[in-house]
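A.B. asks: let's see this in three dimensions:
(chains A, B, C and D)
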There are 2 protein chains.
Amino acid sequence: MLATNIYRGVVDSEPGGRRGRTRALLLECALDLFEQQGYERTTVAQIASAAGVTEMTFFRHFAAKERLVVEDPYDPVIAGAVAAQPRTMAPLARAVAGLRAAWGRLPEPESAAVRRRVRIAAATPSLRAAISANNAATEQILVDQLVADGADPGPARVAAAAVLAGLTAALLDWSQRDGVALTDVVSAALDTLEGRR
Amino acid sequence: MLATNIYRGVVDSEPGGRRGRTRALLLECALDLFEQQGYERTTVAQIASAAGVTEMTFFRHFAAKERLVVEDPYDPVIAGAVAAQPRTMAPLARAVAGLRAAWGRLPEPESAAVRRRVRIAAATPSLRAAISANNAATEQILVDQLVADGADPGPARVAAAAVLAGLTAALLDWSQRDGVALTDVVSAALDTLEGRR
DNA sequence: GGTTGAAATGTTAGCCACTAACATTTACCG
DNA sequence: CGGTAAATGTTAGTGGCTAACATTTCAACC
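C.D. replies: The predicted model follows:
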């Protein structure tokens, strides 16, 4: 989900063939432009031309402009961690416990790069919307793990949505503070979601 | 927020001058078309022409296509209700308590009309994103009320985001079940957010 | 080393949401 | 009935995105 969302794009663009390089170049030019003049006021044509490439080529590497900032999740870890929590717990507590466990198993993100992208997202309403749209898949996985079989899926849906939204809020918050570790922010968010002060 | 979001558009289109009528007509034609062929595959030009009007006129009544389904909140009630909760509570619990109190003071929505719109939203990813984008203003109000002055706003942000997302999930869920009262679904969602089963 | 085949890129044309500037009609009020 | 403002129309354009088809580039193979 969220954090994973963000650094995925950096990870899987293994520099190798021409393809990987063009993609990385587009990404770099785009982030520079976004930081200079904002996401909305930056045009895909501008990005493409800055990378010495055609607009069409841009869309061959990124299905949409927002994909430069918001990436797809990789969620099997989360699913497993949530499933491993005792079924006796209430859905919200169970989701939180699962995510706490999952967080320990995820690689520590390349903070600087992540922060750069999340900062842009935090400053751009349409991108924040894109993030929640992007969380839909992870949310579904969470729901699948949380719903007691044969029972009302309502509570599971509510808990899944709440936890992901809370974590996303924490991530956006983190991107705008300096000198705070992402791990601490996430941990605090999970505390809050458990009803602690 | 959410529910209020949705029936607002129906409420404030008081049939009166030509303006109100054109707006209502556009809305009705649009919802019909959305239900018949889906939101994405319905074009603004189609809607306008079904209402016997120009595309330009459409945008004079609705700032964007999504505004046909997702509306702006009216939040002073929420702000007051949350502020009225004792500051000794943890942020999540305080937000939930405030919303529970606010819910009692809100007018019971015209269920059929609301359900129609929420159903469309539930079936359309981009509209679900639009809903959360639309919740941003309400979320900010919640945060303002939840943050202890001089303290870290992080927990307040997390709690506000989680509660709104949870309620939105409940609303989407409700739209797809028949014979369940919105009030019950909301109440159950607030329970879940308080950590109950 | 030249040939070939596939991957990467380019070109053109077009759809759709949305905006701006300006012209026209409609309805109501004095 | 005339005048005025709101409501609508017209035209032209921008930006994200897609489709269909042509072209280049690179690399493996002969």
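
A.B. asks: only C-alpha atoms for contact and neighbour calcs from this point on.
C.D. replies: OK.

A.B. asks: by how many degrees do the helix ranked longest in chain A and helix B:154-175 diverge?
C.D. replies: For chain A, the helix with the greatest residue count under DSSP state H is helix A:154-175. Going by axes from the mean of the first three to the mean of the last three CA atoms, to 10 degrees, helix A:154-175 is angled at 150 degrees with respect to helix B:154-175.

A.B. asks: tell me which element the spatially most distant residue from the centre of chain A falls in.
C.D. replies: Distance from the C-alpha centroid of chain A, by CA atoms, centre = their mean, peaks at A:Gly150 (31.1 Å). Per DSSP states H and E, A:Gly150 falls between elements, in no helix or strand.

A.B. asks: quick one: stretch A:30-49 near DNA strand D?
C.D. replies: Yes: using CA under 7 Å from any atom of the strand, we find that stretch A:30-49 touches DNA strand D at A:Glu40, A:Arg41, A:Thr42, A:Thr43, A:Val44, A:Ala45.

A.B. asks: near DNA strand D, which residues of chain A are found?
C.D. replies: Contacts of chain A with DNA strand D, taken as CA under 7 Å from any atom of the strand, map to A:17-18, A:40-45, A:56, A:59, A:63-66.

A.B. asks: one more time with 10 Å
C.D. replies: Chain A comes close to DNA strand D at residues A:16-19, A:39-48, A:55-60, A:62-68, as judged by CA under 10 Å from any atom of the strand.

A.B. asks: now the buried members of these.
C.D. replies: A:Tyr39, A:Thr42, A:Val44, A:Gln46, A:Ile47, A:Ala48, A:Phe58, A:Lys65, A:Arg67, A:Leu68 (16 or more other CA atoms under 10 Å in any protein chain shown).

A.B. asks: in chain A, what residue is nearest chain B?
C.D. replies: Closest residue of chain A to chain B, CA to the nearest CA: A:Ala162 (4.0 Å).

A.B. asks: ok, the nearest residue to that residue once chain neighbours are set aside to A:Gln145 distance?
C.D. replies: Closest residue to A:Ala162 apart from its sequence neighbours, by CA to CA, 6 or more residues apart in numbering or on different chains: B:Ala162 at 4.0 Å. Distance check for B:Ala162 against A:Gln145: by CA to CA, to the nearest Å, it reads 19 Å.

A.B. asks: same thing with A:Asp75?
C.D. replies: Taking CA to CA, one finds A:Asp75 at 12 Å from A:Gln145.

A.B. asks: ditto for A:Leu190
C.D. replies: For A:Leu190 relative to A:Gln145 (CA to CA), the value is 18 Å.

A.B. asks: how's chain A carved up into domains?
C.D. replies: Following automatic domain parsing, chain A resolves into domains at A:2-68, A:76-193.

A.B. asks: the first one close to chain B?
C.D. replies: No: with CA under 8 Å from any CA of the partner chain as the measure, domain A:2-68 is seen stopping short of chain B, the closest distance being 13.0 Å.

A.B. asks: distance from that domain to the middle of the chain?
C.D. replies: Relative to the chain's own centre, domain A:2-68 is displaced by 17 Å; criterion: CA atoms, centre = their mean, to the nearest Å.

A.B. asks: the residue nearest to A:Ala162: neighbour count?
C.D. replies: Neighbours of B:Ala162 under the rule other CA atoms under 10 Å in any protein chain shown: 30.

A.B. asks: that one against A:Val163, yeah?
C.D. replies: Yes: with contact defined as CA atoms under 8 Å, B:Ala162 reaches A:Val163; the gap is 6.2 Å.

A.B. asks: quick check: neighbours shared by these two?
C.D. replies: Taking CA atoms under 8 Å, 6 or more residues apart in numbering or on different chains as the contact rule, B:Ala162 and A:Val163 both touch A:Leu193.

A.B. asks: got the contact list for stretch A:137-156?
C.D. replies: The contact list for stretch A:137-156 (CA under 8 Å, 6+ apart) reads A:1, A:73, A:75, A:78-79, A:82-83, A:91-92, A:94-95, A:157, A:160-161, A:164, B:170, B:173, B:188-189, B:192, B:197.

A.B. asks: no further questions, thank you.
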